[in-house]
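*Asks:* Structure for this input, please:
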Amino acid sequence: MEIICNGEYKSMERGAVVSEKERLSIAAFHGPNQMTMIGPLPVLLNENSARYKTTSYEEFVRFFVTRKLDGKSLLGPMKLAD
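*Replies:* Residues are numbered from 1 along each chain as shown. I've put the predicted structure just below:
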């Protein structure tokens, strides 16, 4: 969402809350067609230049599943230089 709105709304890092209760988690993945372009919406770029790269959803997913789990935001490499 942060990429689509060109940084107007910030994404939050998610984390699990650990408790003593047993729980069941089920992963569900939803996304657009692999060829859909992901980037800032043109209507939100009136006076501001793009802050994020535009890439295909396929490339975005490839980057997501091959990146190191280093605790850093996924959005950093998507940002354009200021």
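*Asks:* was I right about Asn6 contacting Leu41?
*Replies:* Yes: counting by C-beta atoms under 8 Å, Asn6 touches Leu41, with 7.3 Å between them. Yep, even glycine has a C-beta here, placed from its N, CA and C like the rest.
*Asks:* Look at these two and report which has more neighbours.
*Replies:* Higher neighbour count among Asn6 and Leu41: Asn6, with 18 against 11, using other C-beta atoms under 10 Å.
*Asks:* those strands in the protein, which residues are they?
*Replies:* With DSSP state E as the criterion, the chain has strands at 37-38, 55-56.
*Asks:* in the lowest-mean-pLDDT helix or strand in the chain, what's buried?
*Replies:* Every helix and strand of the chain was ranked by mean pLDDT, DSSP states H and E. The lowest is helix 57-66, at a mean of 89. Neighbour-count burial for helix 57-66, counted by 16 or more other C-beta atoms under 10 Å, picks out Phe60.
*Asks:* do the same with stretch 24-36
*Replies:* For stretch 24-36, it's none, nothing buried (16+ other C-beta under 10 Å).
*Asks:* Quick check: end-to-end length of that stretch?
*Replies:* Start-to-end span of stretch 24-36 (C-alpha to C-alpha, to the nearest Å) is 32 Å.
*Asks:* Touching that stretch from outside, list them.
*Replies:* Contact with stretch 24-36 is made by 38, 56-58, 61, as judged by C-beta atoms under 8 Å, 6 or more residues apart in numbering.
*Asks:* go on, stretch 48-59?
*Replies:* Under C-beta under 8 Å, 6+ apart, the answer for stretch 48-59 is 2-3, 6-7, 31-40, 75, 78-80.
*Asks:* Looking at the contacts of stretch 24-36, which is nearest Arg23?
*Replies:* Arg23 has its nearest neighbour among these in Val61, at 27.0 Å by C-beta to C-beta.
*Asks:* If anything else comes up later, I'll come back, but that's it for now.
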